[in-house]
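Participant: whatever this is, show me its structure:
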Amino acid sequence: MSPWTSAVGAPQLARLLGSQHPRDAAAASPVEALNGGRRVPAYRALADGVRLLLLEGRVPVAARLPAERELAAALTVSRTTVAAAYEALRGEGFLESRRGAGSWTAMPAGSPLPTRGLDPLPPEAAASVIDLGHAAPPAPEPWLTRATRGALEELPPYAHTHGDYPAGLPVLRQALADRYTARGIPTMPEQIMVTTGAMGAVAATCRLLVRPGERVAVESPSYANVLQLMREAGARLVPVAMTDKLAGWDIPAWRQVLGAAAPRMAYVVADFHNPTGALATEEQRRSLVDAARAAGTVLIADETMTDLRLDDVAMPRPVAAFDPAGSNVITVGSVSKSFWAGLRIGWVRAAPDIIRSLVAARAYADLGTPVIEQLAVAWLFNTGGWEEAIEVRRAHARDNRDALVDAVRRHLPDWEFTVPHGGLTLWARTGGLSGSRIAETGARLGVRVPSGPRFGVDGAFEGYVRLPFTVAGAVADKAAARLAAAADLVATGATAEAETPRTWVA
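Facilitator: As a prediction, this is how the structure comes out:
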């Protein structure tokens, strides 16, 4: 098996390098433009440019780089310059090479690689710590209570049965099928399996489709918990960088990766992507499905954030609309983000034969999903309570987003981000500082945030943090103030423990 999982062509790398700095008309080459007025050798500017692309996730880890001669021609520099840049990158641990296999990107040995999500803090810690570690707001009331009462009223007939429904309760499968049909994707209950949350849905598809060592293409960045789930399943992750400024899906890069790596499966969050909040266009969705079909790759479309549209923007058709039979696109969904994380109900929509295989394999996993929770979600869908609750959730998330954006702009004016039209997360570039160090220092100052490398493969996105829309008004302002204090300490090389009490309050 090759040591690299994808490849970056010479023209593509030249374009990425050129996007780091506007091209100076006086510059003789993209490498000269990379200098940005600095007095550094050309090879050093090239090495620094490639290293920055790697750390920002725009060039994946384990990606094969062009041969020296090809890159020299694309950049209009000497081969000696490229050879010296590659040697510098090898010396710093950002490049590995093998005769006959070429050179591929890497992360230095010993780099901190946080991958798991942050566990939620216990309620008693909330008085001293603002927890932005997870994108999960409190339950919308009174709809949770109403749904639970409705479920209890519907429970007696089910209590007289064995209680095991590996595919899910028929009433919920029908409700979910009706919702997809209403969205323009004709769906039968036989195309639905109810799971324990979206993570249960992704885990089930991984067990069915991916053997240890097989490749899975993922967005870069992507949802931290799913990345870790796939790692532990033994998948070989192939990251596909998003477009410049992480604003969307780089379709040529997806075509290249799917065609060259032929991954068994690909995972995408096209609706208010986690963590960037980006929304894939209809053409991008069509192209992703076409590229996956051509490569023989099964595309997993995670719709967990679909209902959380916060602005008046047109929603493209679902990814499954371009494969309505569900043979190439498997859709997973959940109520965890849009309603409440404590209601662990998710689902899979796919072709009936895939659903049958998933249900059969479930006997060796969790057997089924709790009945009362399924009845509660069915009550919400069938009574109109879901739409009412989602409108309230959207309003709260919109207010929280606006408060957080305003606070970050005031307290951290050097941070860069794109305000998303939906979802629950803000993906912020930390002004050239280490996101991991800010997260570590912030925790001591009373605010928890996940650092960028949690959402990348093998250490990318060190210069980012993810900020969820889970706190409002004054609390959002306090969180931003604490992050600003953490950033100041990181910038000056000071430590929060030495200068600030553990329960410091702005």
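
Participant: what distance do you get for Ala291 to Thr441?
Facilitator: In this structure, Ala291 lies at 42 Å from Thr441, with C-beta to C-beta, to the nearest Å as the measure. Using the backbone N, CA and C atoms, a C-beta is placed for each residue, glycine as well.

Participant: do Pro66 as well
Facilitator: Relative to Thr441, Pro66 is positioned 39 Å away (C-beta to C-beta).

Participant: and the closest residue to Gly423 other than its chain neighbours, how many residues sit next to it?
Facilitator: The shortest distance from Gly423 to any residue other than its chain neighbours is 3.1 Å, reached at Phe272 (C-beta to C-beta, 6 or more residues apart in numbering). Burial measure for Phe272: 26 neighbouring residues, criterion other C-beta atoms under 10 Å.

Participant: do Ser128 as well
Facilitator: Counted by other C-beta under 10 Å, the residues lying close to Ser128 total 12.

Participant: go ahead and confirm it touches Leu445.
Facilitator: No: counting by C-beta atoms under 8 Å, Ser128 does not reach Leu445; the two are 10.5 Å apart.

Participant: pLDDT below threshold where in the stretch 251-400 of the chain?
Facilitator: Low-confidence segments of the stretch 251-400 of the chain, defined by pLDDT under 70, are absent.

Participant: which secondary structure element is home to the residue nearest to Gly423?
Facilitator: Taking DSSP states H and E as the criterion, no element holds Phe272; it sits outside all helices and strands.

Participant: could you look up the SS state of the nearest residue to Val457 once chain neighbours are set aside?
Facilitator: The shortest distance from Val457 to any residue that is not its chain neighbour, by C-beta to C-beta, 6+ apart, is 4.4 Å, and that residue is Pro239. Per DSSP: H, G, I helix; E, B strand; the rest coil, the local secondary structure of Pro239 is strand.

Participant: start the count at 22 instead of 1 going forward.
Facilitator: New numbering, starting at 22: the last item is Pro260.

Participant: on the strand side of things, show who Pro260 bridges to.
Facilitator: For Pro260, the beta-bridge assignment (DSSP bridges) gives partners Val239.

Participant: where's it relative to Val71, distance?
Facilitator: From Pro260 to Val71 the distance is 16 Å (C-beta to C-beta).

Participant: buried sites along the longest helix along the chain?
Facilitator: Secondary structure assigned by DSSP state H gives helix 406-432 as the longest helix of the chain. Of the residues in helix 406-432, those buried under the neighbour-count criterion (16 or more other C-beta atoms under 10 Å) are 406-407, 410-411, 414-415, 417-419, 421-422, 424-426, 428-429, 432.

Participant: equivalent analysis for stretch 24-38, please.
Facilitator: Buried residues in stretch 24-38, counting neighbours by 16+ other C-beta under 10 Å, are found at 25-31, 33-35, 37-38.

Participant: try stretch 240-253
Facilitator: Of the residues in stretch 240-253, those buried under the neighbour-count criterion (16+ other C-beta under 10 Å) are 240-248, 250-251.

Participant: wait, doesn't the residue nearest to Val478 sit right on Gly78?
Facilitator: Yes: with contacts defined as C-beta under 8 Å, Pro260 counts as touching Gly78 at a distance of 7.1 Å.

Participant: common neighbours of these two, please.
Facilitator: When contacts are counted by C-beta atoms under 8 Å, 6 or more residues apart in numbering, the set common to Pro260 and Gly78 consists of 241, 477, 481.

Participant: state the number of residues packed around the residue nearest to the first one when sequence neighbours are not counted.
Facilitator: Translated: Ser241. Closest residue in space to Ser241, ignoring its immediate chain neighbours: Pro260 at 3.6 Å, by C-beta to C-beta, 6+ apart. The burial metric for Pro260, expressed as a neighbour count using other C-beta under 10 Å, is 25.

Participant: ok, the nearest residue to Asn349 once chain neighbours are set aside to Ala287 distance?
Facilitator: With C-beta to C-beta, 6+ apart as the measure, Arg314 is the residue that lies nearest to Asn349, at 5.0 Å, once sequence neighbours are left out. When C-beta to C-beta is the yardstick, Arg314 and Ala287 sit 11 Å from each other.

Participant: all set now, cheers.
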